[in-house]
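Engineer: sequence and predicted structure are below.
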Amino acid sequence: MTTIYDIAKKTGYSPTTVSKAFNNYSDVREKTRQDILRAAQEMGYLPNSHARTLTTKKSWTIGVLFVEETGAGIRHPFFSAVIESFKQVAVAKGYALMFISKDVGGKQSGYLENCRIRGVDGVVVFLSDYDDPYFLELLESDIPTVILDYDTAQSHTVCSDNMAGAQLAVNYLAALGHRKIAHISGGGNSFPGSQRELGYIAAMELQGLEVRDGYITEGAFFSRESGYAAMLKLLELADRPTAVFASGDLLALGAVMAAKDKGFSVPSDISVIGYDDIELAAYVSPALTTIRQDTEKLGTRAAEILLASIDGKGQAKEALMLPVEVVVRDSCAPLGGQ
């Protein structure tokens with residue numbers, strides 16, 4: 001059985017340095033760490049996790065609190081992309097991820113109790129109901145947390161600039177000559193949905209455009225099905241919009257399907273712009289113009305902030321907001337060209 005002393009002998013580093021490399025000490029140079037990890041892999045060495053926990057006072061486990069109401073779960077392309085980039089950073093630093101629920105051993109307890117039982121070092125949160133008392137209990141504890149797509153002074157937070165993204169969408173459509181711009185909202189009960197709706201309203205006001213009756217319709221839970229239903233309502237209006245800003249790409253894809261099913265052409269009859277820039281957006285027909293969120297940076301920065309908090313660095317709560325950008329494809333056209 002290979003030991004750290006065998007690895008030390010092979011690499012020429014001291015056993016202390018080898019141990020520090022496995023435990024991600026900051027005073028070990030990256031080249032040294034990689035040399036040691038490479039040698040360990042070649043020799044088939046597996047660190048004893050229990051011994052490592054006793055030595056470092058860590059479980060080397062991060063809890064993932066993921067609850068959303070669409071039923072898509074992490075199959076949703078936005079969430080899966082963010083979680084994947086978060087995981088890559090965490091795993092590279094020696095951590096494993098564990099999903100957290102309210103139930104332990106088939107009995108309902110709470111997120112905090114589950115985290116205590118599992119001994120997680122920190123928690124990354126993707127949640128649709130931020131008023132959940134079990135979530136608030138976790139938030140008020142001493143367990144480090146980072147929350148995606150939310151704003152609170154009680155935790156580190158990472159999100160895109162949702163209001164600015166909505167304003168970019170409206171401004172882009174207005175620049176194409178559109179004046180009748182409707183919005184399919186992601187729902188006022190979600191933080192990104194409410195922020196994007198506020199951004200839409202603010203942008204319409206700045207452009208001197210009227211938010212007409214029926215022009216804001218809810219596409220609950222950012223699903224394709226709700227986007228489809230919302231678009232049907234917009235198309236039935238007597239004063240039909242010429243362009244639609246959807247609060248998520250799945251909403252936008254549903255909206256495009258509804259328009260086609262009702263005999264309308266996108267973008268010849270009606271323009272549609274989405275939000276997220278999921279991978280599928282580039283491959284549908286017409287390819288979807290959208291607002292791009294940097295999912296890689298969202299996950300990466302969330303992991304870096306949480307790991308620093310676990311290590312006792314950066315005690316002040318950090319609220320990071322990342323910029324977004326318009327990605328122009330084929331689902332929007334100038335008003336005169338419709």
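Structural biologist: Done, it's in.

Engineer: what ranges do the helices span in the protein?
Structural biologist: 4-11, 15-22, 30-42, 49-56, 77-92, 111-118, 133-139, 162-175, 191-206, 224-235, 249-261, 295-310 (DSSP state H).

Engineer: so which of those is the most packed in?
Structural biologist: Most buried of the helices of the chain, by mean neighbour count (mean count of other C-beta atoms under 10 Å): helix 249-261, with a mean of 24. In short, each C-beta sits where N, CA and C put it, glycine included.

Engineer: which other helices and strands does that one contact?
Structural biologist: strand 181-185, helix 224-235, strand 243-246, strand 271-276 (3 or more C-beta pairs under 8 Å, 6 or more residues apart in numbering; DSSP states H and E).

Engineer: quick revisit: mean pLDDT lowest for which of the helices of the chain?
Structural biologist: For these, mean pLDDT drops lowest on helix 49-56, to a mean of 55.

Engineer: about what we covered before: can you lay out the helices of the chain as JSON lines showing distance to A282?
Structural biologist: Output for those, formatted as JSON lines (distance: least, C-beta to C-beta, whole Å):
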{"stretch": "helix 4-11", "distance to A282": "45"}
{"stretch": "helix 15-22", "distance to A282": "41"}
{"stretch": "helix 30-42", "distance to A282": "35"}
{"stretch": "helix 49-56", "distance to A282": "41"}
{"stretch": "helix 77-92", "distance to A282": "12"}
{"stretch": "helix 111-118", "distance to A282": "37"}
{"stretch": "helix 133-139", "distance to A282": "35"}
{"stretch": "helix 162-175", "distance to A282": "17"}
{"stretch": "helix 191-206", "distance to A282": "21"}
{"stretch": "helix 224-235", "distance to A282": "17"}
{"stretch": "helix 249-261", "distance to A282": "10"}
{"stretch": "helix 295-310", "distance to A282": "14"}
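
Engineer: and of those, who's closest to D330?
Structural biologist: D330 lies closest to helix 249-261 among the helices of the chain, at 10.7 Å (C-beta to C-beta).

Engineer: was I right about S160 contacting Q293?
Structural biologist: Yes. Applying C-beta atoms under 8 Å, one finds S160 in contact with Q293, separated by 4.5 Å.

Engineer: related to what we said a few turns ago, closest one to L306 among the helices and strands packed on helix 249-261?
Structural biologist: strand 271-276 (22.7 Å).

Engineer: quick one: contacts of the closest one?
Structural biologist: 77-78, 165-166, 169, 172-173, 176, 178, 196, 242-249, 251-253, 255-256, 259, 266, 281, 288-293, 331-333, 338 (C-beta atoms under 8 Å, 6 or more residues apart in numbering).

Engineer: between S160 and Q293, which contacts overlap?
Structural biologist: Common neighbours of S160 and Q293 (C-beta under 8 Å, 6+ apart) are L322, V324.

Engineer: just give the nearest non-adjacent residue to L176, would you?
Structural biologist: P334 (4.6 Å; C-beta to C-beta, 6 or more residues apart in numbering).

Engineer: number of residues surrounding the one you found?
Structural biologist: By other C-beta atoms under 10 Å, 12 other residues sit near P334.

Engineer: now G94: how far from Y172?
Structural biologist: 43 Å (C-beta to C-beta, to the nearest Å).

Engineer: how far does stretch 139-155 sit from its chain's centre?
Structural biologist: 15 Å (C-alpha atoms, centre = their mean, to the nearest Å).

Engineer: buried sites along that stretch?
Structural biologist: For stretch 139-155, the neighbour count (16 or more other C-beta atoms under 10 Å) marks L139, I143, P144, T145, V146, I147, L148, D149, Y150, S155 as buried.

Engineer: report the two of those residues separated the most.
Structural biologist: I143 and D149 (19.7 Å).

Engineer: quick revisit: of the buried residues of stretch 139-155, which belong to strands?
Structural biologist: Taking DSSP state E, the ones among these that sit in strands are T145, V146, I147, L148.

Engineer: show me what contacts the residue nearest to the third one when sequence neighbours are not counted?
Structural biologist: Here the nearest residue to I147 in space, its sequence neighbours aside, is V125; by C-beta to C-beta, 6+ apart that works out to 4.4 Å. Listed by C-beta under 8 Å, 6+ apart, the contact set of V125 reads L65, F135, T145, V146, I147, L148, Y150, S155.

Engineer: closest to L209 among those residues?
Structural biologist: Distances from L209 to those, taken by C-beta to C-beta, are shortest for Y150, at 29.5 Å.

Engineer: and the pLDDT for the residue lying closest to K260 once chain neighbours are set aside?
Structural biologist: Excluding the flanking residues, the one nearest K260 by C-beta to C-beta, 6+ apart is V266, at 6.9 Å. pLDDT for V266: 98.

Engineer: ok, the ones in strands among the buried residues of stretch 139-155 vs S26, which is closest?
Structural biologist: V146 (20.0 Å).
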